[in-house]
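Colleague: coords please:
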Amino acid sequence: MAYSLQSTVRIQPVPAVLVSSVSKKVPLIASLREAAARIGRLLAIVGADSDEMCIARHFTDSFWKMPRLDELTVSQLVEACKERGVIAIIPTRDGELAYYARHRTELEAAGIAVMVSGEEAIKRCTDKLLFYRSLVSRGFPVVPTAVQAEEVPVDRLVVKERYGAGARKITLNVTREQAVAHAATLEQPIFQPFIPGWEVSADLYVTKSGNCKGVVLRRREKVENGESQVTSTFRDERLEHLSAKLARELRLYGHAVVQWIIDDAGQPHLLECNARVGGASRLSWAVGLRSLDWFLAEAMGQDADAMPYHRLNREMRMVRYPEDYIYES
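Modeller: Numbers count the residues shown, from 1 in each chain. Okay, here's the model as predicted:
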């Protein structure tokens, strides 16, 4: 249901889910509606973003022009959620995860569930150097990461920012000299070896009890700006097990996406973990990883561990593309 730009706050007659940094995440909104229908609950969807002209606001039940997080106290957030009937929050941007993790206990005390991992887990996932150092000692095949180019003993390198989304200002398959030159343009660069191979995303969900409900693997066949535009599911029990083991090691909660490189010899190399829903996670939901169903159930006091996980016995492909939405203004 669409609303005009003036319709920024509405009293919700039913419980609501707030999607923060909603931006243009229209498929996520559609998936939330599908999940609510499957669990038999009528839920309103509140979109929240600092950009009042964002695309996704036209697909939510109401919209909140949300202040910057560094200008928003948790008490103000709770008050805003109460006004809108919000019982659950789904953060969608790396940069906001630390805020929600820090205030998760206070929000839950106010009756607002948040799909976010604990502070330590978020710190390990957003700091690529810490991610490497903390996991290599635990036996995970994590890609070597260093702050100096000479610490990576290979001819071809990858350079990226230490913090935040992995695709931000990244350069791939460059010489050591080129890597050092590119690093000078970054805020806190880190260096990794370039590993030829194909990219894999592992979508997973971890319940409140710490149980990894399931893992769905996706080949990233076409990637733009760090997100899959064409992706297809496949099975690999070893990689599924390793992804679930990582989720337990990191003590994740909710939906997360683990990024892998599979080299030419078929060996996996762990790149990073995004402790949030991914842009192409909808494909994994479609083949049975009902992350949104399980989160909504937990937000309403139900036991997600008792809910079934049935993965389709066939593989699927998803193609993301722009679409037009025309309605009477």
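Colleague: can we go C-alpha only for contacts and neighbour counts from here?
Modeller: OK.
Colleague: helices of the protein, start to end?
Modeller: 26-38, 74-83, 94-109, 119-126, 128-136, 176-183, 237-250, 282-286, 291-299 (DSSP state H).
Colleague: strands along the stretch 151-300 of the chain, start to end?
Modeller: 157-161, 171-174, 189-193, 198-206, 212-224, 227-234, 254-262, 268-274 (DSSP state E, counting those that start in this stretch).
Colleague: give me the sheet partners of the second one and which way each runs.
Modeller: Take DSSP bridges as the rule and strand 171-174 pairs in its sheet with strand 157-161 (antiparallel).
Colleague: now do the partner strand: everything it contacts.
Modeller: For strand 157-161, contacts defined as Cα atoms under 8 Å, 6 or more residues apart in numbering pick out 166-176, 179, 182-183, 186-194.
Colleague: show the buried residues in those residues.
Modeller: By neighbour count, with 16 or more other Cα atoms under 10 Å, the contacts of strand 157-161 hold 166, 170-171, 173-176, 179, 182-183, 186, 189-194 as buried.
Colleague: burial of Lys24, as a residue count?
Modeller: Using other Cα atoms under 10 Å, Lys24 is surrounded by 14 other residues.
Colleague: surely it is in contact with His58?
Modeller: No: using Cα atoms under 8 Å, Lys24 makes no contact with His58, being 9.6 Å away.
Colleague: end-to-end on stretch 144-154?
Modeller: From its first residue to its last, stretch 144-154 covers 11 Å (Cα to Cα, to the nearest Å).
Colleague: so how far is that stretch from its chain's centroid?
Modeller: From the chain centre to the centre of stretch 144-154 is a distance of 28 Å (Cα atoms, centre = their mean, to the nearest Å).
Colleague: pull out the buried residues from it.
Modeller: Neighbour counts over stretch 144-154 (16+ other Cα under 10 Å) mark 144-147, 149, 152 as buried.
Colleague: quick one, domains of this structure?
Modeller: 16-116, 144-193, 196-319 (automatic domain parsing).
Colleague: turn these into a markdown table, including mean pLDDT and distance to Ser134.
Modeller: Shown next, in a markdown table, are the domains of the chain (pLDDT from 0 to 100; distance: least, Cα to Cα, whole Å):
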| stretch | mean pLDDT | distance to Ser134 |
| --- | --- | --- |
| domain 16-116 | 97 | 18 |
| domain 144-193 | 93 | 11 |
| domain 196-319 | 96 | 10 |
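Colleague: all set, thanks.
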